[in-house]
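> Following is a predicted model, sequence given first.
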Amino acid sequence: MSHADDPASTRLAVRIYLAVAVVLVLAVLLVLAFGLPMLGIIGIVLTLAVFVIMLAFTAGN
């Protein structure tokens with residue numbers, strides 16, 4: 001049995017895909033509701049989220 005056949009990794013992959021889909025749908029709905037300036041705000045928020053994740057990985061090493 002390879003690592004790709006592991007049910008836990010399949011469930012994790014499905015969760016990640018669903019989370020990305022939810023974020024994309026939420027972003028589209030926010031842009032439709034508030035216009036293009038919201039797209040810039042979403043970009044700033046997601047950039048900060050990635051920065052926090054990178055800091056968390058760095059703090060763990």
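Cool, the structure landed.

> which residues of this protein score low on pLDDT?
1-4 (pLDDT under 70).

> Next, find the distance separating the spatially most central residue of the chain from residue 6.
In the chain, the C-alpha nearest the mean C-alpha coordinate belongs to residue 20, at 5.0 Å (CA atoms, centre = their mean). According to CB to CB, to the nearest Å, residue 20 and residue 6 sit 21 Å apart. C-betas here are computed from N, CA, C, even on glycine.

> which SSE is the residue nearest to the centre of the chain in?
Using DSSP states H and E, residue 20 sits within helix 7-34.

> coming back round to it: any idea how far the residue nearest to the centre of the chain lies from residue 59?
For residue 20, the distance to residue 59 - CB to CB - is 25 Å.

> Ok, residue 26 next?
According to CB to CB, residue 26 and residue 59 sit 28 Å apart.

> what about those two, which has more around it?
Neighbours were counted for residue 26 and for residue 59 using other CB atoms under 10 Å; residue 26 has more, 11 against 7.

> how about that one, what does it touch?
Under the criterion of CB atoms under 8 Å, 6 or more residues apart in numbering, residue 26 has no neighbours.

> Test my guess that residue 39 contacts residue 31.
Yes: the criterion here is CB atoms under 8 Å, and residue 39 meets it with residue 31 at 5.3 Å.

> and residue 31, how many neighbours does it have?
Quick note: residue 31 (other CB under 10 Å) scores 15 neighbours.

> Next up, the contacts around it.
So residue 31 contacts 38, 39, 42 (CB under 8 Å, 6+ apart).

> Now do residue 31 against residue 46, distance only.
With CB to CB as the criterion, residue 31 and residue 46 are 13 Å apart.
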